[in-house]
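**Student:** Quick one: sequence plus predicted model below, questions after.
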Amino acid sequence: MLTAFTNTPHLIGQRPNGLPRLANYFFALFISLATISKSVSGAEPGMPGDFQKVPMTRRMYSNSKGYFQGNHKTTFKKLFEAGGSFWLNNNKTAESAIDYALSEQSLVIYAPDDYDGGPGWGAYLYTSPNATGRLPNNYKEIMRKHKLIYVAANGTQNGSGLLRRMALTLDALATARSMYTIDPQRVIISGLSGGGTVATTLGLMCPELFIGLVNHSSQYYLTNVPGNTHSEHFSYLNGYLKDSGVRKMTGDLAKFKCRWAFVTGDRDKNYQQMLGVADNWKSLGLDARLFNQPQMGHTLANPEYLDQMLTWIEERRDQDAVKELQALKKQRQMNLLLASCKRILSSAPAYQEQFKEATKLMEQFKELAEKKAQHLLQDTPDVKAMIHLDSQWPQLPSTPALKTKINESGEKYAEKILAEDPVSLKTLKQYLSYFGEYACAAPVKDEFNRKGEEMLKKMAENPPDTNKLISFVHYWHDMPCAESVKKDLGALGERELSALASEQPVLEKHIRHFITKWTGFPVAEKAMEELEKLADEKLNHIEEITREDVKKFQLEAFISQYKGTRAAKRALIEHRQIR
């Protein structure tokens, strides 16, 4: 588009016969702007793309008190209220400082092009010192490499109240988690300058939410350091907590195994003030490190250093995963080893050592699978073993030969069962459970579908109730005869879900029953989202519990009750972190 501007001086003072060209130019410019706008906005949140003003729809906790309950949050609440306007921005209480209209807030989300909704995607949660939280273009490749979704609240500019900025940052994460699959073990908090103060305080206050911090150009001491004049001014806890209180807090923080990365450079106005920060944190038992980027000013680190910090933050967890793989291999726990390798390859970033180790092990497994395939092809056909091997390893060198053998056996068996009179519905169903994905199943599918159509005609003679039609769809799922029934019942399912969602209160068991009833219908997926909302609300209440023994008991019950939800995975992480 810039080329279009620089190459158009001939349009100025153009004669009448030049007007069509001028019109074409502005039309082209309009199309260019529309294209740029589309590339910025992407398709819709929840998909890959760069979204600048996503409406904020979720709060991290169900009410304002939840932000200050549990762990050391009550201590921080006292700190905020004692600190006055610095934290509260002229509000009288911590709760009033975060009392904003959620509908008036928005956030920035960047999901890399290869985001697929699968496991292992983390979040880089950023607090900006400016009014917008836009991601620098040169960070986009780093987000992709590390499998991170960038999340930042808008409206977190310096001077708008640190506590309000903290709540907005947490609410941005809660909103992003409702739209994207975010691994709770891969959330990294970050900020620049005043945003770094916000991010660092959040890391200290909510260590259960984050595995690490990236603090750009922002000094933050935990105690006064003898001989360091900067530490007194930038020790935000000093004066509100005695050294013993700070040490107790950091002792508890150390159990979360977070890593705290600080980055500065010799052109940063905070350079001298930041030089002693990491040593101060390390002296208190925390895993901190200062990254010194040459010629860095008071700005974000360059992509190379961000890459280094993100790698360092996850390095220990990466090494632990490699050790686990090696232990499983040594113990010859092959089924567990195979499952772990598959999980890592589907979730871990490709640069990590665990990904490389899992890739190497999977190559070894693949060699063993190929040998087994060769053995099966040479021996008396074991069709079940062939189908199992083909489902586990669909791309072996012997896969075409295996499929041929499976199809030959499947064709013979299909001829046998189709020759029976009458053809058993149960036998057809069982056949499809084994051979349904292979070409040999085509005549059996046709017969199974024909029987379904016959069943529908009989049912039409005496209009069946809804439950019988739903059972029909469950039994003949993926068959053409079930599609028309799905369409007819779809609107009914939507109405039932709407009525269910309007109940006060909405009961988890009712949602579960609905999902079971409508499995196979699109409305079941919508009901699952209602269950996720219900789970989020309940977990928020549990997170507000201050007594750890009570909280642990409640989390155990929650994990059992909401098994399979994203919230249950988050609860499992929190449960592990309680002593």
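**Tutor:** Nice, thanks for sending it over. The structure displayed is predicted, hence computed values, not measured ones.
**Student:** Q392: neighbour count?
**Tutor:** Other residues lying near Q392 total 12 when counted by other CB atoms under 10 Å. C-beta: built from backbone N, CA, C; applies to glycine.
**Student:** Now for the closest residue to it other than its chain neighbours: which residues touch it?
**Tutor:** Leaving aside its chain neighbours, Q392 sits nearest to A369 (7.0 Å; criterion: CB to CB, 6 or more residues apart in numbering). Going by CB atoms under 8 Å, 6 or more residues apart in numbering, A369 touches 389, 392-393, 396.
**Student:** of the residues you listed, buried ones?
**Tutor:** By neighbour count, with 16 or more other CB atoms under 10 Å, the contacts of A369 hold 389, 393, 396 as buried.
**Student:** Restricted to helices, list those residues.
**Tutor:** Using DSSP state H, the subset of these located in helices is L389.
**Student:** now L325: how far from Q561?
**Tutor:** 32 Å (CB to CB, to the nearest Å).
**Student:** These two - which one has more neighbours?
**Tutor:** Of the pair L325 and Q561, L325 is the one with more neighbours under other CB under 10 Å, namely 21 against 15.
**Student:** That one against T359, yeah?
**Tutor:** No. At 11.0 Å, L325 and T359 do not qualify as touching, with contact defined as CB atoms under 8 Å.
**Student:** I'd like to know which of the buried ones among the contacts of A369 is nearest to D268.
**Tutor:** Relative to D268, the closest of the buried ones among the contacts of A369 is W393; by CB to CB it sits at 53.0 Å.
**Student:** in whichever strand or helix holds M249, what's buried?
**Tutor:** Assigned by DSSP states H and E, M249 belongs to helix 243-254. For helix 243-254, a neighbour-count test (16+ other CB under 10 Å) marks 246-247, 249-250, 253 as buried.
**Student:** give me the element Y110 is part of.
**Tutor:** Per DSSP H and E: strand 106-111 holds Y110.
**Student:** and that strand, what does it pack onto?
**Tutor:** strand 49-55, strand 148-153, helix 162-179 (3 or more CB pairs under 8 Å, 6 or more residues apart in numbering; DSSP states H and E).
**Student:** Packed most tightly, which of those would that be?
**Tutor:** Counting by mean count of other CB atoms under 10 Å, strand 148-153 has the highest mean neighbour count of the helices and strands packed on strand 106-111, with a mean of 26.
**Student:** Return the distance of the helix holding M249 from the chain's centre.
**Tutor:** Distance of helix 243-254 from its chain centroid, counting by CA atoms, centre = their mean, to the nearest Å, is 31 Å.
**Student:** likewise stretch 250-262?
**Tutor:** A distance of 22 Å separates the centroid of the chain from that of stretch 250-262, by CA atoms, centre = their mean.
**Student:** can you tell me which residue is nearest the centre of the protein?
**Tutor:** I182 (1.2 Å; CA atoms, centre = their mean).
**Student:** Was I right to think that one contacts W121?
**Tutor:** Yes. I182 is within contact range of W121, at 6.0 Å (criterion: CB under 8 Å).
**Student:** what residues are shared contacts of these two?
**Tutor:** Shared contacts of I182 and W121, defined by CB under 8 Å, 6+ apart, are found at I149.
**Student:** can you pull out the helices in the stretch 351-500 of the chain?
**Tutor:** Here the stretch 351-500 of the chain has its helices, by DSSP state H, counting those that start in this stretch, at 353-378, 383-392, 399-418, 425-435, 442-461, 466-475, 480-501.
**Student:** shaky segments in this protein?
**Tutor:** Filtered on pLDDT under 70, the chain yields the residue ranges 1-43, 71, 238-239, 577, 579.
**Student:** Looking at it, which helix is longest?
**Tutor:** helix 303-330.
**Student:** What is it packed up against?
**Tutor:** Checked by 3+ CB pairs under 8 Å, 6+ apart, helix 303-330 has helix 140-145, strand 212-216, strand 259-264, strand 287-292, helix 334-347, helix 353-378 packed alongside it.
**Student:** Quick one, which of these gets closest to L192.
**Tutor:** Per CB to CB, nearest to L192 of those: strand 212-216, 4.3 Å.
**Student:** Direction included, what does the closest one pair against?
**Tutor:** strand 187-192 (parallel), strand 259-264 (parallel) (DSSP bridges).
**Student:** on that earlier part again, and the buried residues of helix 243-254, which is closest to L456?
**Tutor:** Relative to L456, the closest of those is L253; by CB to CB it sits at 62.9 Å.
**Student:** quick one on the thing from earlier: could I get the buried ones among the contacts of A369 in a markdown table, plus columns for distance to Y438?
**Tutor:** Below are the buried ones among the contacts of A369 laid out as a markdown table (distance: CB to CB, whole Å):
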| residue | distance to Y438 |
| --- | --- |
| L389 | 14 |
| W393 | 16 |
| L396 | 16 |
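**Student:** Of the buried ones among the contacts of A369, which is the nearest to M274?
**Tutor:** Looking across the buried ones among the contacts of A369 and measuring by CB to CB, the closest to M274 is W393, at 52.1 Å.
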